[in-house]
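# Need coordinates for the following:
(chains A, B, C and D)
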There are 2 protein chains.
Amino acid sequence: MGISERKERDKQELRQRIIDAAKDIFIEQGFEKASIRAIAERIEYSPATIYLHFKDKDELLHAIHEVGFLQLAVLKKDLTSIQDGFEQLTQRAKIYLQFAIDNPEMYGLMFIQDAPMEAIKKCKEEDEWNCGMEVFEGLVQNLLLCMKQGLIPETEVHVLAMTVWAYIHGIASLYIKGRFFMFESKGLDVHQMIEASFKVMLNLFKSK
Amino acid sequence: MGISERKERDKQELRQRIIDAAKDIFIEQGFEKASIRAIAERIEYSPATIYLHFKDKDELLHAIHEVGFLQLAVLKKDLTSIQDGFEQLTQRAKIYLQFAIDNPEMYGLMFIQDAPMEAIKKCKEEDEWNCGMEVFEGLVQNLLLCMKQGLIPETEVHVLAMTVWAYIHGIASLYIKGRFFMFESKGLDVHQMIEASFKVMLNLFKSK
DNA sequence: AAACTTACTAAACAGTGTTTAGTAAATAAA
DNA sequence: TTTATTTACTAAACACTGTTTAGTAAGTTT
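As a prediction, this is how the structure comes out:
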């Protein structure tokens, strides 16, 4: 009975085509322009077809945001090979920040917008936001390595990870949401300031 | 010629009524529900009338976001009377964070959403986002006080302020946008973690 | 050949921001 | 006082949005 299996494959393939098309429009033209109708048109199906694969737009955006985490995972994949904990932490932060700057719409979906989390809330089986957890766990492991190497003081590692994450996310989100714009109009070099802030933050973490 | 002046007053009053109604709906029912039509209905005017006072929705949201900064300013007004720089910094951060938790929609408008900044970009006279600048300047002055009192090491103060702001905003925005949700579902007390992270961050800043 | 299932969509519903054309009243000019 | 003009306002339309419903046409099973 290969027929029903082929049908299932076809179904999954169409689902993937929807996600890909949605992601492309989302990346190219931004959140606003990524309408169900525009996505449907790109894959040459009717808008209603999308609802055979996704409960609502939130669920589709949730699927896209997972693609974003996959993208980020690729960028992070070589991090653990960096022996020095502190150097790894520096690179980790830089990758995260660069990802946000290079993919502001996707970063927004992953860490700022309500949509993907709404989807989690709606489906009863608690997803627990595994995507975000994975990023966080990487940071936790990194910080544990730093502690093992005596580079930073022993502290409750989850709290420490939360602190580092908050800082990096703060820089990333204020930047991509235009809140450092005031510096630019005052003639200051924002990128340079971020770089300097980065160094300040890292130095603070060094155990004396 | 009191007539034209009265007319001008009436005009400004209606403008203010629009802002107030918009703010109320925005606060009560969230960003999504604050439609032009809903705002118009509340003040018993037609939707088109709103466009006689505001170029577009972004401009209206920009006006609302200024009300938010006024609200925040009230909460901050007694801060400078705190003599100890470090204590003032602590209280400043707490007020900022508490404001975000108590008024998530308004905080979103002030520091996360695109709308108000779009309005700035659209009108040619560079607004420079004075609202945000004011908050930032308060932090800068606070940090200068800390340095004067030898509580923190001498560093380029704008970079330092950016660092502190990013951290606090990071905590605030990740919290209100549900990204700490994963901790909750793991049985951790998020508020306690934030409190702990707060202490970690403040201790990092203390000069040894 | 008839019954059933699947995959899909046209069209509608209820909402959105925004613009246009037009009205009715208040004011200014004749 | 009558006419002209400006002002304040809105009904209705336009072009969108997410989503649902009812129906069709093809494929599969009986």
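# C-alpha only now, for contacts and for neighbours.
Fine.
# Where do the domain boundaries of chain A fall?
The record's domain split for chain A, according to automatic domain parsing, is A:1-53, A:57-205.
# can you redo those domains as TSV with distance to DNA strand C?
Shown next, in TSV, are these (distance: least, C-alpha to the nearest atom of the strand, whole Å):
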stretch	distance to DNA strand C
domain A:1-53	4
domain A:57-205	14
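# Check the burial of the residue of chain A found nearest DNA strand D by counting its neighbours.
Among the residues of chain A, A:Ser35 lies nearest to DNA strand D; the distance is 3.1 Å by C-alpha to the nearest atom of the strand. Using other C-alpha atoms under 10 Å in any protein chain shown, A:Ser35 has 15 other residues around it.
# residues from chain A in reach of DNA strand D?
Contact residues (C-alpha under 7 Å from any atom of the strand) of chain A with DNA strand D: A:3, A:33-38, A:47-48, A:51, A:55-58.
# Now, of those, which are buried?
A:34, A:36, A:38, A:47, A:57-58 (16 or more other C-alpha atoms under 10 Å in any protein chain shown).
# Save those residues as a markdown table, and put in secondary structure too.
Converted to a markdown table, those look like this (DSSP: H, G, I helix; E, B strand; the rest coil):
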| residue | secondary structure |
| --- | --- |
| A:Ala34 | coil |
| A:Ile36 | helix |
| A:Ala38 | helix |
| A:Pro47 | helix |
| A:Lys57 | helix |
| A:Asp58 | helix |
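# Next one, pLDDT for A:Glu66 please.
Reported pLDDT at A:Glu66 in the predicted model: 97.
# ok, for it, nearest residue in space, not its chain neighbours?
Nearest residue to A:Glu66 in three dimensions, chain neighbours excluded: A:Cys131, at 6.9 Å (C-alpha to C-alpha, 6 or more residues apart in numbering or on different chains).
# Quick check: that neighbour vs B:Val157, distance?
Going from A:Cys131 to B:Val157 by C-alpha to C-alpha, to the nearest Å gives 36 Å.
# do the helix or strand bottoming out on mean pLDDT in chain A and chain B meet?
Using mean pLDDT, DSSP states H and E, the weakest-scoring helix or strand in chain A turns out to be helix A:2-33, at a mean of 89. No - on the criterion C-alpha under 8 Å from any C-alpha of the partner chain, helix A:2-33 is out of touch with chain B, staying 11.3 Å away.
# One more: stretch A:45-64?
No - if you take C-alpha under 8 Å from any C-alpha as the test, stretch A:45-64 misses chain B, and the best it gets is 13.7 Å.
# Quick check: end-to-end length of that stretch?
Start and end residues of stretch A:45-64 are separated by 19 Å (C-alpha to C-alpha).
# How many residues are close by A:Leu52?
For A:Leu52, the neighbour count with other C-alpha under 10 Å is 11.
# residues in contact with it?
Counting by C-alpha atoms under 8 Å, 6 or more residues apart in numbering or on different chains, A:Leu52 makes contact with nothing.
# Look up the pLDDT of it for me, please.
At A:Leu52, pLDDT is 98.
# likewise the one 5 residues further on?
Confidence per residue is given as pLDDT, and for A:Lys57 that number is 98.
# How about it: what's its closest non-neighbour residue?
A:Ile36 (7.5 Å).
# With A:His169 instead?
Closest to A:His169 by C-alpha to C-alpha, 6+ apart is B:Gly170, at 5.5 Å.
# swap in A:Ile120?
A:Ile120's closest residue in space is A:Asp127 (C-alpha to C-alpha, 6+ apart), at 6.0 Å.
# Tell me the secondary structure at the one you found.
At A:Asp127, secondary structure determined by three-state DSSP is coil.
# Return the residues in contact with the residue nearest to A:Glu184 when sequence neighbours are not counted.
With C-alpha to C-alpha, 6+ apart as the criterion, A:Glu184 has its nearest non-adjacent residue at 6.4 Å, and that residue is A:Val190. By C-alpha under 8 Å, 6+ apart, A:Val190 lies in contact with A:180, A:183-184.
# A:Gly68 is in contact with A:Met106, isn't it?
Yes - assessed by C-alpha atoms under 8 Å, A:Gly68 is found in contact with A:Met106 at 6.2 Å.
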